[in-house]
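Peer 1: Here is a sequence together with a model predicted from it:
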Amino acid sequence: MAVIDQIREKLLHTFEPARLDLVDESHRHAGHVGARPEGETHFKVTIVASAFEGQPRVARHKMVYDALSAEMSGPVHALALKTLTPEEDQ
């Protein structure tokens, strides 16, 4: 299974988001530290979920990193995160 599909499955299962946008931006980081020739190392994630309500941004990001711990310790080098509650996404 592709890394982007693994990330999508885990985030959908963990957070049941109202919206999830996931973009592989690895091509923009070719030649940088952590980049692999086959890509799937750098991702941009926008996730809107009720689970983030009452949580500061750092805590929200930690929640996502915890959900993706296997990917972050393996093929994924970097995530650009935007974590919102449904109210913030209006």
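Peer 2: Right, received. Where do you want to start? Every value quoted in this text rests on a predicted model; they were computed, and no experiment measured them.
Peer 1: just checking, what packs against the longest helix out of those in the chain?
Peer 2: In the chain, with assignment by DSSP state H, the single longest helix is helix 3-15. Applying 3 or more C-beta pairs under 8 Å, 6 or more residues apart in numbering; DSSP states H and E, one finds that helix 3-15 makes contact with strand 19-24, strand 42-48, helix 57-67, helix 69-72. All C-beta atoms are positioned from the backbone trio N, CA, C, and that covers glycine.
Peer 1: these two touch, right, residue 84 and residue 46?
Peer 2: Yes. Counting by C-beta atoms under 8 Å, residue 84 does reach residue 46; the two are 7.4 Å apart.
Peer 1: Give me the common contacts of the two.
Peer 2: Shared contacts of residue 84 and residue 46, defined by C-beta atoms under 8 Å, 6 or more residues apart in numbering, are absent.
Peer 1: surely residue 82 meets residue 47?
Peer 2: Yes. Using C-beta under 8 Å, residue 82 is in contact with residue 47, at 7.4 Å.
Peer 1: In terms of neighbours, single out the busier of these two.
Peer 2: Higher neighbour count among residue 82 and residue 47: residue 47, with 25 against 15, using other C-beta atoms under 10 Å.
Peer 1: Next, count neighbours for residue 84.
Peer 2: Applying other C-beta under 10 Å, we find 18 residues neighbouring residue 84.
Peer 1: Please state the backbone phi and psi of residue 16?
Peer 2: phi 40, psi 60 (degrees, to the nearest 10).
Peer 1: ok, the nearest residue to it once chain neighbours are set aside - contacts?
Peer 2: The shortest distance from residue 16 to any non-neighbouring residue, by C-beta to C-beta, 6 or more residues apart in numbering, is to residue 49 (6.8 Å). For residue 49, the contact set (C-beta under 8 Å, 6+ apart) comprises 15-18, 83-86.
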